[in-house]
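1. below are the sequence and a predicted model for it; my questions follow.
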Amino acid sequence: MHPTLNGKHPRRAQKAQKATSKLKTLAGRQVQELGRKRAPQQKSQYQKERDRYQRVIDQQRFDQNKVDAIHQP
């Protein structure tokens with residue numbers, strides 16, 4: 001997480017962008033893996049949480065109705 005800190009600083013901008021991209025890639029892989037490896041009953045049980053995680057991963061800088069925190073409804 002440290003390379004993503006203060007990503008607007010000129011010396012750290014490129015590293016921060018790369019680290020953020022890597023974090024989003026890893027998070028996306030985790031969500032996909034959870035979707036694939038769960039049993040059908042578990043998929044339906046945790047679909048709401050999985051959709052929220054996917055929404056966090058897919059959101060862009062200027063999107064409307066962003067998810068600010070995962071732990072809050």
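-> That came through, no problem. Numbers count the residues shown, from 1 in each chain.

2. could you measure from the residue positioned nearest the centre of the chain over to I70?
-> Closest residue to the average C-alpha location of the chain: I57 at 3.2 Å, with CA atoms, centre = their mean. Plainly put, I57 is 11 Å away from I70 if you go by CB to CB, to the nearest Å. Where C-beta positions appear, they are placed from N, C-alpha and C, glycine not excepted.

3. likewise R11?
-> 31 Å.

4. now K48
-> 12 Å.

5. now swap in V31 and tell me
-> As for V31, its distance to I70 is 12 Å (criterion: CB to CB).

6. what about these two, which has more around it?
-> The residue with more neighbours, out of V31 and I70, is V31; 17 against 10, by other CB atoms under 10 Å.

7. check which helix or strand that one maps to.
-> Using DSSP states H and E, V31 maps to helix 13-37.

8. give the rounded mean pLDDT of that helix.
-> Mean pLDDT, helix 13-37: 90.

9. which non-adjacent residue is nearest Q59?
-> Distances taken as CB to CB, 6 or more residues apart in numbering place K66 nearest to Q59, at 5.3 Å, with adjacent residues excluded.

10. helix, strand or coil for that neighbour?
-> Three-state assignment for K66 (DSSP: H, G, I helix; E, B strand; the rest coil): coil.

11. residues near it, how many?
-> K66: 11 neighbours (other CB under 10 Å).

12. you'd agree it is up against D58?
-> No: under the criterion of CB atoms under 8 Å, K66 makes no contact with D58, lying 10.5 Å away.

13. what about Y46, how many neighbours?
-> By other CB under 10 Å, the residues close to Y46 number 14.

14. correction: the previous question concerned R55.
-> R55 has 14 neighbouring residues, counting by other CB under 10 Å.

15. and it, its phi and psi?
-> Main-chain dihedrals, R55, degrees, to the nearest 10: phi -70, psi -40.

16. next up, the contacts around the nearest residue to it once chain neighbours are set aside.
-> Of all residues not flanking R55 in the chain, V67 sits nearest, at 5.5 Å (CB to CB, 6+ apart). By CB atoms under 8 Å, 6 or more residues apart in numbering, the contact list for V67 reads R52, R55, V56, Q59.

17. since that was my last question, I'll sign off now.
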